[in-house]
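Engineer: Provided below are the primary sequence and the corresponding predicted coordinates.
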Amino acid sequence: MTIHAGHPFPTDDDPVRRLRGRLGGAVSLWTAGEGAGRAGLTLSSVMVANGEPARLLGLVDPDSDLAEAVDRTGAAVVQLLSWPDRDLAEMFAGTAPAPGGLFRQAEFEQTPWGPRLATASTWAGVRLESARPTGWSTLLTCTIEEVVVGEEAQPLEHRRGRYRRPVEDMP
């Protein structure tokens, strides 16, 4: 990986990308697999659809290791990241180096759905229902099997290409 001074995903000439950046949202980390077959990807293009069963939808890069791992295992863990996790988010997005590998950058616990970030206070275990091409992404539609909703002292949010520091933490 080469570290560049400029933004790795410039949006100046892509109005659709600029629109998506202005929508903003919580930063989630999707992980799947176990052992050497673990994979993960930072996502902010996520939606929850309530119902019986409830579903979690996410847009992923079809060429990502995560897309392959979810297809292979049929399951994933979706965890919401917090402000202190911003470097981890960059590593799983592929925009920062991860010496020793992604899963050595923090403590993860294995669950029936895949590895879960030990410090994640809010997470869901999901089962893959369908994966279909949508634009340049793959839309993963997953049924929610387990949800843990914890305190959110410092949620990590992403808007216009940058992480936003929670207002209550600013001096």
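Structural biologist: Everything's here; your move. Residues are numbered from 1 along each chain as shown.

Engineer: At which residues are the strands of the chain located?
Structural biologist: Along the chain, the segments classed as strands by DSSP state E run 25-26, 28-32, 39-43, 46-49, 55-60, 75-80, 108-111, 114-117, 123-134, 137-148, 157-159, 162-164.

Engineer: Of all those strands, which one is nearest residue 102?
Structural biologist: Closest to residue 102 of the strands of the chain, according to Cβ to Cβ: strand 39-43, at 5.9 Å. The C-beta positions use only the backbone N, C-alpha and C, and glycine is treated the same way.

Engineer: who does that closest one touch, helix- and strand-wise?
Structural biologist: strand 28-32, strand 55-60, helix 65-73, helix 86-93 (3 or more Cβ pairs under 8 Å, 6 or more residues apart in numbering; DSSP states H and E).

Engineer: got JSON lines for the ones you listed, with distance to residue 165 too?
Structural biologist: Converted to JSON lines, the helices and strands packed on strand 39-43 look like this (distance: least, Cβ to Cβ, whole Å):
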{"stretch": "strand 28-32", "distance to residue 165": "18"}
{"stretch": "strand 55-60", "distance to residue 165": "24"}
{"stretch": "helix 65-73", "distance to residue 165": "27"}
{"stretch": "helix 86-93", "distance to residue 165": "9"}
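
Engineer: So which of these is nearest residue 117?
Structural biologist: strand 28-32 (6.3 Å).

Engineer: Just give the strands next to that closest one in its sheet, each with its orientation.
Structural biologist: Next to strand 28-32 in the sheet, as set by DSSP bridges, lie strand 39-43 (antiparallel), strand 75-80 (antiparallel).

Engineer: any idea of the pLDDT on residue 3?
Structural biologist: Looking at residue 3, its pLDDT is 50.

Engineer: picking that back up, would you mind finding the most buried of the helices and strands packed on strand 39-43?
Structural biologist: Mean neighbour count, computed with mean count of other Cβ atoms under 10 Å, is highest for strand 28-32 among these, reaching a mean of 27.

Engineer: returning to that earlier point: among the strands paired with strand 28-32, which comes closest to residue 65?
Structural biologist: Per Cβ to Cβ, nearest to residue 65 of those: strand 39-43, 3.8 Å.

Engineer: Now do the closest one against helix 86-93, angle only.
Structural biologist: 110 degrees (axes from the mean of the first three to the mean of the last three Cα atoms, to 10 degrees).

Engineer: Format the CA atom coordinates belonging to strand 39-43 as PDB.
Structural biologist: The C-alpha trace of strand 39-43 is given here as PDB (Å, rounded to 0.1, in the frame of the first residue of the first chain):
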ATOM      1  CA  ALA A  39     -12.300 -10.500   6.500                       C
ATOM      2  CA  GLY A  40     -13.700  -7.100   7.300                       C
ATOM      3  CA  LEU A  41     -14.700  -3.900   5.700                       C
ATOM      4  CA  THR A  42     -15.700  -0.400   6.900                       C
ATOM      5  CA  LEU A  43     -19.200   0.600   5.600                       C
END
